Every structure is written in structure tokens, then in C-alpha cells.
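*Asks:* Below is the sequence, then the predicted model.
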2 protein chains.
Amino acid sequence: MKAASIEAGEGSKAKVRGVNRGISVFDLVLRIAALVGTLASAVAMGTADQALSFSTQIVNFEAQYDDIDAFKFFVIVNAIACGYLALSIPISIFHIIRKRAGKSRVLLIFLDAIMLVFITSGASAAAAIVYLAHNGNTSTNWFSICQQYTDFCQRSAGSLIGSFGAMALLVLLIILSAIALSRG
Amino acid sequence: MKAASIEAGEGSKAKVRGVNRGISVFDLVLRIAALVGTLASAVAMGTADQALSFSTQIVNFEAQYDDIDAFKFFVIVNAIACGYLALSIPISIFHIIRKRAGKSRVLLIFLDAIMLVFITSGASAAAAIVYLAHNGNTSTNWFSICQQYTDFCQRSAGSLIGSFGAMALLVLLIILSAIALSRG
């Protein structure tokens, strides 16, 4: 009876380990997807640049991402997040091999939460400026610039997508780590 | 020998439970602090309103938080987070009584992560606009409005503090839940 119950215990342990390995593999896949998202965002915003066709020889009408501080912040934050995600891939692979690893999972939740804050703040600040560029604000006399800089506006708005995708993926990564911890 | 090892096991289990209870009490305290922070932010921004002294009878020069969509978003998001934090207090108290509760801790990590995204996005969008209101942007012809609306600018900048504090507290809450899960 005792041997049987121990065997059953071993069986359920093996099952938990199998599920945890599945979670770790999924973690790795999501991490790579988030890396691609932040990289695409940083590159798309970093290369956003539009010169207007009526630019004279004296005055150049050109919009670049680094004219707007919120966009600069967005590029920096996405580059940092991209670097972090690349560095966290070895830890994710380590979790596939060693299924327990409670401490390194807690560390990963902590760092993922910090990066979530970074990416969210960069994306939201940039989104607030993109919204303003599209709609303007009459009470503060900030006029829309998207009638002139259509390409620049489209590019900067599009570059937000990768960042918002990475946000959703990081929330998922935190949950996955928490589930693995609760089953551990 | 066996009895002694079982006793030692019971002792370490009791110790883990004691630490987990400590973590749960700390969780409750941080949760209340975050609630106060988001409430203060929502109220401070929601009551930000300045009429200029040179307002004529025909045109009213007045700045209110709801003239700027990012500030409206900030107030709504902080109100939602405040409501969530109030509702999560019973779960936090439940964790003090029942030390294990793995599933409800995972749920709390999930909801805390979502709220972290909400608060961060609201605070960052508002911060981007406050920064613009202070410094302006020459390349887009958006001029600083803080020379005129000094009180409004100070109030809206100050209201960010509670929100940024709540962000830090929510990151801590996620880590605490993760630590409790890893010890569980």
C-alpha cells in the first residue's frame, strides 16, 4: 500500500515536471517573440524621419524621432528591454533543463515586472504624443502635425504595435512563471 | 530517528508558514499604501483647475484636467486601480489566514500585473504631457503652457507622485506573492 502510494506520488511528480517543462518551453517562445517586438519597435521608431518636399535651401522642414523626447525615451527603453530579453534567454533554457529552480524563477518575475514597467512607460508616453500629433489640443494651442508629416506620423504610430505586443507577452511571462512556481 | 526527522520537518513547515504570514501582512500594508497613492493621484488630478485672472467676459481662459485627454485617462485609470486595490484587500486578508492558497496567489499576481500596466500607462502618458507643458517642443510648434498656467502645471505634475509610488508598490506586491509561492 505504502509502496503504491509512493509510486503514485512519484507519478504525479513526474507529471508536474512534464507540465513545468512545457511551461518553460512556452516561456522561451514568448520571450523570443517579445524580443522581436521590442527590436522592431526600436528600429521602426529609430528610423522614422521625414523631410517635407517644400523644404527651402535655408530652412529644412524635417521631422525625426529625436526631435521629440518621448520618442527618444521610447527607443532607449525598447533597446534596453530588447537587451534584457536576449540576456534572459539562457535563464529560460536553464528552466527547461532544471524544472524546480524556485529562486531563479522569482528573480525572473522581478526582472520581468521591472521591464514591463519600462516598456509600458515608453509605449504610453510615445502613444500620448502620437495621439496629440494626430488630434492636436485646442485648449493648449498644440496643433496636429500629421497633416504635414503624414509618413512620420504613420511610422511612429506603427512602431507602437511591437511595444504593446511585448507588454502583453511580458504579462503572460509573469503569469507563466507564477504558475510554474505554484506547481513546483 | 524517523520521528525526529518528521518533527524537524514539521518545525520547518511551521517556520515557512510563519514567514508566509509575515509576507501576507506586509502585502496587506503595501496594498493599502498603493490604494492611498492612486486615490490621492486621482483626486489631485481630478480637481486640477485654474482660471486665469485676465479672463474676459466673452472668452474664459481656464485650464481643467479634462481639456487634455491624457489627464482624463490618468484619472480614470487611477480610479479603476483604486477600486481594484480596495476589492483585493479581502483576498490579502484571506492569505494571512490561509497560508497556502497557491491558486489565489497566482490570480493576484495576474491581476496585479494588469493593474501595474494600467497605472504605468496612465502615469507615463500624463508625464509625457506634463513634460511637454513645461518644456514645449520647438520642432512641432507646441509651446509651453506653464508660464501661464503655473498652478495647473504644478498640480498636475504633483499628482503623478502618488501614481509612481503605486507603481513601485505594485512591483513589490508581485515579488512578495512570487516569494510566498516559491516557499509554499
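*Replies:* Thanks, I have the structure now. This structure is a prediction, so every number in the text was calculated from the model and none was measured.
*Asks:* Residue A:63 belongs to a strand, doesn't it?
*Replies:* Yes - counting by DSSP: H, G, I helix; E, B strand; the rest coil, residue A:63 falls inside a strand.
*Asks:* Now do the contacts for it.
*Replies:* Neighbouring residues of residue A:63 by C-beta atoms under 8 Å, 6 or more residues apart in numbering or on different chains: A:48, A:49, A:50, A:145, A:149, A:152, B:139, B:140. (Each C-beta comes from the backbone N, C-alpha and C, glycine too.)
*Asks:* Quick check: nearest residue in space to residue A:121, chain neighbours excluded?
*Replies:* Nearest residue to residue A:121, sequence neighbours excluded (C-beta to C-beta, 6 or more residues apart in numbering or on different chains): residue B:124, at 3.9 Å.
*Asks:* now residue A:180
*Replies:* residue A:23 is the one closest to residue A:180 (C-beta to C-beta, 6+ apart), at 4.8 Å.
*Asks:* Mind giving me the packing neighbours of the helix or strand containing the one you found?
*Replies:* Using DSSP states H and E, residue A:23 sits within helix A:2-46. Here helix A:2-46 touches helix A:69-97, helix A:102-135, helix A:150-183, going by 3 or more C-beta pairs under 8 Å, 6 or more residues apart in numbering or on different chains; DSSP states H and E.
*Asks:* Can the following helix or strand past that helix be said to contact chain B?
*Replies:* For helix A:2-46, the following helix or strand on the C-terminal side (DSSP H and E) is strand A:49-51. No - Strand A:49-51 lies out of reach of chain B by C-beta under 8 Å from any C-beta of the partner chain, never closer than 11.8 Å.
*Asks:* Buried residues in strand A:49-51, which are they?
*Replies:* Using 16 or more other C-beta atoms under 10 Å in any protein chain shown as the test for burial, strand A:49-51 gives residue A:50.
*Asks:* same thing with stretch A:114-124?
*Replies:* Across stretch A:114-124, burial judged by 16+ other C-beta under 10 Å covers A:115, A:116, A:117, A:118, A:119, A:120, A:121, A:122, A:123, A:124.
*Asks:* List of residues touching it?
*Replies:* A:38, A:41, A:73-74, A:76-78, A:80-81, A:84-85, A:160, A:163-164, A:166-167, A:170-171, A:174, B:113, B:116-117, B:120-125, B:127-128, B:167, B:171.
*Asks:* Among those residues, name the buried ones.
*Replies:* A:38, A:41, A:73-74, A:77-78, A:80-81, A:84-85, A:160, A:163-164, A:166-167, A:170-171, A:174, B:113, B:116-117, B:120-125, B:127-128, B:167, B:171.
*Asks:* And the pLDDT for the residue nearest the centre of chain A?
*Replies:* With distances taken as C-alpha atoms, centre = their mean, chain A has residue A:166 as the residue nearest its mean C-alpha position (2.9 Å). On the pLDDT scale, residue A:166 is placed at 96.
*Asks:* do you know how far it is from residue B:182?
*Replies:* Going from residue A:166 to residue B:182 by C-beta to C-beta, to the nearest Å gives 25 Å.
*Asks:* now do residue A:24
*Replies:* Distance of residue A:24 to residue B:182, given as C-beta to C-beta: 15 Å.
*Asks:* and what of residue A:133?
*Replies:* 45 Å.
*Asks:* got it, and residue A:179?
*Replies:* Distance from residue A:179 to residue B:182, counting by C-beta to C-beta: 12 Å.
*Asks:* Give me the residue ranges of chain A where confidence is low.
*Replies:* For chain A, the stretches with pLDDT under 70 are A:1-13, A:16, A:53-60, A:99, A:184.
*Asks:* Kindly recompute the last result at 80.
*Replies:* A:1-18, A:51-62, A:99-101, A:184 (pLDDT under 80).
*Asks:* what about residue A:48, how many neighbours?
*Replies:* 24 (other C-beta atoms under 10 Å in any protein chain shown).
*Asks:* try residue A:15
*Replies:* Neighbourhood size, residue A:15 [other C-beta under 10 Å]: 11.
*Asks:* what does residue A:141 give?
*Replies:* 11.
*Asks:* ok, now which ones touch the nearest residue to it once chain neighbours are set aside?
*Replies:* In space, residue A:141 comes closest to residue B:143 once its chain neighbours are excluded; the distance is 6.9 Å by C-beta to C-beta, 6+ apart. Residues near residue B:143 by C-beta under 8 Å, 6+ apart: A:141, A:142, B:136.
*Asks:* Distance to residue A:98 for those - can I get that in JSON lines?
*Replies:* Converted to JSON lines, the contacts of residue B:143 look like this (distance: C-beta to C-beta, whole Å):
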{"residue": "A:141", "distance to residue A:98": "59"}
{"residue": "A:142", "distance to residue A:98": "54"}
{"residue": "B:136", "distance to residue A:98": "54"}
